[in-house]
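1. sequence plus predicted model, see below.
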Amino acid sequence: MIQGCVLGIVLLITMVFVGGTSYAVIREVVFSQASIPEAPPVSGFTPQHPTETIDAIHAIPSPTLAPDQPTQLPTPLSVSEPEATLVPWDGNERVTILIMGVDYRDWSAGEGAARSDTMMLLTMDPVTKTAGMLSVPRDLWVGIPGYIHAKINTAHAIGGPSLAVRTVELVIGVPIHYYAVVDFGAFVRFIDELGGVKLNIPYEIEVDPIGDENKTLRPGVQTLPGDLALAYARNRSTGEGDFDRARRQQQVILGIRDRILDFELLPTLIEKAPTLYQELVSGVNTNMQLDEVIKLAVLAAQVPDENIVNDVIDIRHVAFGWSPDELSVLVPYPDKIRVLRDEIFATSGSLGPLAPGNDQERMSLEVASISVQNGSDDPDIARRTANYLTSQGAAIVEVRDAGDGHTYTTVIDHVGRPYTVQYLVSFLGIEGRYIYYKYDPAHPFDVEVILGNDWAANNSLQNP
């Protein structure tokens, strides 16, 4: 009975509470717009999907891979990192929960731990009665503790929930107290228990239900059974791919929340928790105990809609790059993620940057070895640029000609030096499509900068 209550309340928290966090912020987007709007542009930065690989820059053809081909699991480093120790919530401070859904290919194979297909952070502050939710994209290219850089979704596959928690803590910069991992079967079964979920489909969309043929959802309000609701939430084929999918997931969770409240299903669900537990126990994994879950449920009910915020890490906060095996990845801009994090997690003021200091200081603290290469028509621009960067604390270890002409300035990160790249992008005015990430720890330089005619024509450096 106790386990059944735990599972039932966990499901309610992960779905009802998330629905509550979404409701105040996105209901007008979901129900009043004809389509989900694009994220607003970031000043001075125009992110685009990459049109060429690093090898293509040097006229070497690269392999073409299927969009959903999985990245290989990362290689352990020689010195392993300790696993995260989740500290139980004391009931007084802000509490944060990591909700994860598993990858269908791994889930259906049933062999070993699955990659996470969805990552959402839920947070509540019992003092200020504020709450928030943050969706983390599965293709975020991050340092996994004890391993080389990889997509964030691989952390769960190689180290389970503990390593996934530790990885997200380092990327976002907030402590995580609890986790809940829910697979597709549990998700579908729970929605069917509710009698489906009512959604306002903003535009025609083709979905791929598990074990069934593709179906087309027409625009308008309709009630979807669990399999179609899951297919709708999993779809990545619209304009902004995983970012759109995160917004649809929030819409589905909002629909679940409305279904429970509109039909007053909460008492019935709690009463049926033991039965649901028997059916869903294999599909939910959490470290929350009964008393902790009850406290969280009570707190969630006390948070008013106007005190709730939510958002998605999307094109405003990342650059598009390539992994070593030539798969598209999302490389985080730490300071942009910090600003977003503060909007959701800071009760007042700022939580502080993910690393101390201003842009220049954080760049110099990384001590990234930089090669400055001249691909422009100005024969002296590389030397002048390198001298200035050195004066700002950059570790310039090479200055040379690029060997061929470049219209646009390009930066290539080989080992993961986000603050150095961020500083160079800002100083040199590099466009998003010319920011590349080619992980190669054996490369002689951490970062390469190839100066183009755009920088040569518009720089503010003075000739000596």
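-> Arrived safely. Residues are numbered from 1 along each chain as shown.
2. list the contacts for the nearest residue to R138 once chain neighbours are set aside?
-> Nearest non-adjacent residue to R138, counting by Cβ to Cβ, 6 or more residues apart in numbering: N153, 4.0 Å away. The C-beta positions use only the backbone N, C-alpha and C, and glycine is treated the same way. N153 sits next to 103, 115-117, 119, 138-139 when contact means Cβ atoms under 8 Å, 6 or more residues apart in numbering.
3. if you rank these by neighbours, which is first?
-> S116 (27 neighbours; other Cβ atoms under 10 Å).
4. contacting residues around it?
-> Contacts of S116 (Cβ under 8 Å, 6+ apart): 100-103, 138, 152-153, 155-157, 164, 181.
5. repeat the analysis, applying 7 Å as the threshold.
-> 100-103, 138, 153, 156, 164 (Cβ atoms under 7 Å, 6 or more residues apart in numbering).
6. for it, phi and psi?
-> Per-residue torsions, S116: phi -80, psi 130 (degrees, to the nearest 10).
7. that one and V181: what is the separation?
-> Distance of S116 to V181, given as Cβ to Cβ, to the nearest Å: 8 Å.
8. shared neighbours of the two, anything?
-> Joint contacts of S116 and V181 (Cβ under 7 Å, 6+ apart) are 100, 102.
9. quick revisit: so which of the contacts of S116 belong to strands?
-> Counting by DSSP state E, the contacts of S116 place 100-102 in strands.
10. I381 against G375, yeah?
-> No - at 9.6 Å, I381 does not count as touching G375 under the criterion of Cβ atoms under 7 Å.
11. what residues are shared contacts of the two?
-> L451.
12. does S371 sit in a helix, a strand or a coil?
-> Three-state assignment for S371 (DSSP: H, G, I helix; E, B strand; the rest coil): strand.
13. and the residue nearest to G321 when sequence neighbours are not counted, what's its pLDDT?
-> Nearest non-adjacent residue to G321, counting by Cβ to Cβ, 6+ apart: Y437, 3.2 Å away. You'll see Y437 listed with a pLDDT of 74.
14. can you check I205 too?
-> So, for I205, pLDDT stands at 93.
15. with T238 instead?
-> 79.
16. hang on, it in a strand?
-> No - read with three-state DSSP, T238 is coil and lies in no strand.
17. how about residues contacting stretch 328-338?
-> 50, 137, 139-142, 151, 171-173, 313, 316-323, 353-355, 418-419, 422, 437.
18. now do stretch 119-128
-> In contact with stretch 119-128 (Cβ under 7 Å, 6+ apart) are residues 17-18, 21, 91-92, 94-100, 131-136, 138, 152, 168, 172, 299-300, 303, 344-345, 347.
19. in ChimeraX, how would I select just the buried ones from these?
-> Restricted to buried positions by 16 or more other Cβ atoms under 10 Å, the ChimeraX selection for the contacts of stretch 119-128 reads:
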select :17,18,21,94,95,96,97,98,99,100,131,132,133,134,135,136,138,152,168,172,299,300,303,344,345
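20. which helix or which strand is home to E169?
-> Secondary structure assignment for E169, by DSSP states H and E: helix 154-172.
21. oh, that last question was meant for V331, not what I typed.
-> Counting by DSSP H and E, V331 is found in strand 328-332.
22. what's the average pLDDT for that strand?
-> 87.
23. next SSE after that strand?
-> helix 334-345.
24. count of residues packed around N453?
-> 17.
25. brain fart, E240
-> E240 - counted by other Cβ under 10 Å - has 16 other residues nearby.
26. for it, what are phi and psi?
-> phi -110, psi 20.
27. and stretch 416-434, average pLDDT?
-> So the average pLDDT for stretch 416-434 ends up being 85.
28. brain fart, stretch 160-168
-> pLDDT averaged over stretch 160-168 gives 91.
29. please compute how far that stretch lies from its chain's middle.
-> In terms of Cα atoms, centre = their mean, to the nearest Å, the centre of stretch 160-168 is found 14 Å from the chain centre.
30. C-alpha coordinates for it, CSV please?
-> Only the C-alpha atoms of stretch 160-168 are listed here, as CSV (Å, rounded to 0.1, in the frame of the first residue of the first chain):
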residue,chain,number,x,y,z
GLY,A,160,22.1,5.7,-14.3
PRO,A,161,20.1,8.5,-12.5
SER,A,162,22.9,9.4,-10.2
LEU,A,163,25.3,10.4,-13.0
ALA,A,164,22.5,12.1,-14.9
VAL,A,165,21.8,14.2,-11.8
ARG,A,166,25.5,15.1,-11.3
THR,A,167,25.8,16.1,-15.0
VAL,A,168,22.7,18.3,-14.9
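31. packing partners of the helix holding E169?
-> strand 95-102, strand 116-125, strand 178-182 (3 or more Cβ pairs under 7 Å, 6 or more residues apart in numbering; DSSP states H and E).
32. for that helix, buried residues please.
-> 154-169, 171-172.
33. can you give the distance from it to the centre of its chain?
-> Counting by Cα atoms, centre = their mean, helix 154-172 comes out at 12 Å from the chain centroid.
34. would you mind measuring from A231 to P441?
-> Plainly put, A231 is 40 Å away from P441 if you go by Cβ to Cβ.
35. cool, N374 as well?
-> 26 Å.
36. more crowded one of the two?
-> Just comparing N374 and P441: by other Cβ under 10 Å the higher neighbour count belongs to N374, 26 against 13.
37. what does that one show for phi and psi?
-> Residue torsions, per degrees, to the nearest 10, at N374 are phi -100, psi 110.
38. tell me which residues touch it, please.
-> With Cβ under 7 Å, 6+ apart, N374 has these contacts: 381-382, 401-402, 451.
39. now render the residues you listed as JSON lines, adding distance to Y203.
-> Putting the contacts of N374 into JSON lines (distance: Cβ to Cβ, whole Å) gives the following:
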{"residue": "I381", "distance to Y203": "48"}
{"residue": "A382", "distance to Y203": "49"}
{"residue": "D401", "distance to Y203": "50"}
{"residue": "A402", "distance to Y203": "45"}
{"residue": "L451", "distance to Y203": "43"}
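40. the residues you listed in strands, which ones?
-> 401, 451.
41. low-confidence ranges, the stretch 51-200 of the chain, go.
-> 51-85, 103-113 (pLDDT under 70).
42. domains of this protein?
-> Using automatic domain parsing, the domain ranges for the chain come out as 2-345, 359-458.
43. chain center to the last one, what's the gap?
-> Relative to the mean C-alpha coordinate of its chain, domain 359-458 is positioned 26 Å out (Cα atoms, centre = their mean).
44. tell me how far the ends of that domain are from each other?
-> 22 Å (Cα to Cα, to the nearest Å).
45. now do stretch 164-182
-> 14 Å.
46. return the distance of that stretch from the chain's centre.
-> 12 Å.
47. could you shift the numbering so residue one becomes 716, and keep it that way?
-> In the new count, where the first residue is 716, that last one comes out as stretch 879-897.
48. ok, residues contacting whatever helix or strand A1101 lives in?
-> For A1101, the element it lies in under DSSP H and E is helix 1096-1106. The contact list for helix 1096-1106 (Cβ under 7 Å, 6+ apart) reads 1087-1089, 1111, 1114, 1166, 1170-1171, 1174, 1176.
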